[in-house]
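Colleague: Predicted structure and sequence below. I'll ask about it afterward.
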Amino acid sequence: MALLLNTHFHLAIDSLRRNRGRTFLSALGIAIGVASIVLILSLTGGINRLISASSDKNNADLVLVRPSTGKDATQNIISELTSNNQFTKSNLTLEDVNTISDLSEVSAVAPIAASTSAIKIGDRTVQSVNVVATNPDFANVVSLHLKNGQFLDSSLRKNVAVLGYNIAMQQFGGTEAITKTFTYNGKHFMVVGVLDEVSDPINYNGINIDESIIIDINYASTFESSIQIQQIDVRTVTTDAVDKVTKAIKEKLTEAKNGDESFSVITSAEDMHPAGSLLSIVSGMLTLVASISLIVGGVGIMNIMLVSVSERTREIGIRKSVGASSGNILLQFLFESVILSVMGGLLGFALGYIGAFIISLLTPFAPHISWQILGITGGVSLVVGVLFGIYPAIKAASKDPIASLKYYR
């Protein structure tokens with residue numbers, strides 16, 4: 001059996017070598033499809049690794065509370081795509097923050113109410129500024145560092161603000177922005193602090209700190225009638241207390257909301273970044289679209305194999321006349337199809353990673369290279385070769401040997 005398979009393999013290689021141009025073009029059709037899939041998987045894998053690295057960094061003792069719509073995953077993703085801010089309709093309240101703060105083994109609790117609005121600096125109006133309403137615990141929860149001044153503090157007056165590094169540089173004349181004022185939502189604020197540069201826009205809060213203005217949430221609630229808390233960050237005393245605190249938060253909030261469980265509690269063991277699930281779905285959809293080109297490449301292989309069967313009809317008749325079975329003929333042509341497809345798959349794998357590497361030079365993340373992607377590439381190529389090669393192989397195997405011997409090109 002091994003000798004027979006080896007013979008089929010060498011016959012297939014010889015046949016493909018005799019038609020190098022046709023072989024290359026057929027393999028190229030598969031290579032383009034495979035390269036598209038590899039490009040998508042490697043780049044999205046690189047983004048996921050970057051998100052995971054940012055989200056998991058020093059967050060083993062972190063618990064997040066987010067509103068939940070009660071919808072299925074697809075509906076939640078549609079809501080994220082059609083909304084400027086995730087969870088804009090939130091049932092989380094400042095009372096919930098106080099409830100969580102009262103729990104044992106909780107070291108810090110910081111609510112987040114993010115919005116985009118215009119501010120006025122002197123006579124100048126700046127549009128679309130990120131404003132984050134939170135409390136003094138936010139600096140400890142997120143591990144923020146100050147460049148100048150101080151962070152929010154209960155001993156300060158309420159109408160104060162802390163600036164992210166970039167917005168301080170761009171709109172307030174640099175890090176020496178302390179005591180400068182601006183107007184937000186009709187209220188005057190004074191800058192008391194400027195944060196050090198974070199340069200990490202991908203984080204579990206979904207906020208670019210460098211581009212944000214941070215104000216006190218208790219003061220914001222006095223002039224914003226419907227303030228929306230999109231997330232509550234909770235730090236536990238120790239990492240061992242995470243499970244206990246998670247359970248306690250679920251019980252206390254459910255009780256405080258009279259059995260309403262329209263919220264979710266997430267730990268570092270889960271996908272903390274709001275974009276994680278969305279990225280996975282988008283990656284799957286793009287991969288599905290890229291797979292269409294594989295079908296086109298497979299049809300190309302089938303056409304070439306049908307031409308090959310027609311050209312080699314007399315050869316098939318000679319082989320059958322000297323004892324080759326229909327199974328032998330079927331395997332011979334199926335081997336050609338599979339080898340052709342696998343060659344295209346390997347070429348596509350190389351092209352895909354070259355493309356991903358070139359793109360990575362212009363982006364902050366590196367392509368993700370794994371044996372899993374190579375396995376997917378090989379498996380897909382093998383399946384395409386069998387599926388689109390089986391019909392030409394069956395047609396070759398079913399030819400009548402006497403009629404085939406009479407065939408002349």
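Modeller: Structure's in. What do you need? Numbering: from 1, shown residues only.
Colleague: make it CA atoms for all contacts and neighbour counts henceforth
Modeller: OK.
Colleague: all helices for the stretch 1-150 of the chain, in order.
Modeller: Assigned by DSSP state H, counting those that start in this stretch, the helices in the stretch 1-150 of the chain fall at 2-18, 20-56, 73-81, 94-101, 138-142.
Colleague: which of those helices is buried the deepest?
Modeller: Most buried of the helices of the stretch 1-150 of the chain, by mean neighbour count (mean count of other CA atoms under 10 Å): helix 20-56, with a mean of 22.
Colleague: other SSEs contacting that helix?
Modeller: Contact here means 3 or more CA pairs under 8 Å, 6 or more residues apart in numbering; DSSP states H and E; on that basis helix 20-56 packs against helix 276-311, helix 326-360, helix 371-397.
Colleague: which secondary element of the protein has the worst mean pLDDT?
Modeller: helix 73-81 (a mean of 48; mean pLDDT, DSSP states H and E).
Colleague: returning to that earlier point: adding mean neighbour count and distance to Gly149, write the helices and strands packed on helix 20-56 out as TSV.
Modeller: TSV is the format used below for the helices and strands packed on helix 20-56 (neighbours: other CA atoms under 10 Å; distance: least, CA to CA, whole Å):
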stretch	mean neighbour count	distance to Gly149
helix 276-311	18	35
helix 326-360	22	38
helix 371-397	19	49
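Colleague: Export the helices of the stretch 1-150 of the chain as CSV, with columns for distance to Gly317.
Modeller: Putting those into CSV (distance: least, CA to CA, whole Å) gives the following:
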stretch, distance to Gly317
helix 2-18, 16
helix 20-56, 24
helix 73-81, 57
helix 94-101, 82
helix 138-142, 76
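Colleague: closest to Met285 out of those?
Modeller: Set against Met285 and scored by CA to CA, those come closest in helix 20-56, at 10.2 Å.
Colleague: Quick one: closest of the helices of the stretch 1-150 of the chain to Ala220.
Modeller: Using CA to CA, these put helix 94-101 closest to Ala220, at 11.4 Å.
Colleague: quick one: Asn160 from Tyr219, how far?
Modeller: Asn isn't right for residue 160; it's Val. According to CA to CA, to the nearest Å, Val160 stands 9 Å off from Tyr219.
Colleague: out of these two, which sits in the more crowded spot?
Modeller: Taking neighbours as other CA atoms under 10 Å, Val160 and Tyr219 compare with Val160 leading, 22 against 16.
Colleague: Which parts of the stretch 151-300 of the chain are strands?
Modeller: Using DSSP state E, counting those that start in this stretch, the strands of the stretch 151-300 of the chain run over residues 160-163, 181-184, 187-195, 212-216, 231-236, 263-267.
Colleague: Deepest in the core, which of those strands is it.
Modeller: Taking mean count of other CA under 10 Å, strand 160-163 is the most buried of the strands of the stretch 151-300 of the chain, at a mean of 27.
Colleague: Give me the packing partners of that strand, helices and strands only.
Modeller: Applying 3+ CA pairs under 8 Å, 6+ apart, one finds that strand 160-163 contacts strand 187-195, strand 212-216.
Colleague: which residues are in contact with that strand?
Modeller: For strand 160-163, the surrounding residues in contact (CA atoms under 8 Å, 6 or more residues apart in numbering) are 150-152, 189-195, 210, 212-216.
Colleague: same question, stretch 149-156
Modeller: Identification of contacts with stretch 149-156 by CA under 8 Å, 6+ apart yields 135-136, 139, 160-162, 178, 192-194, 215-216.
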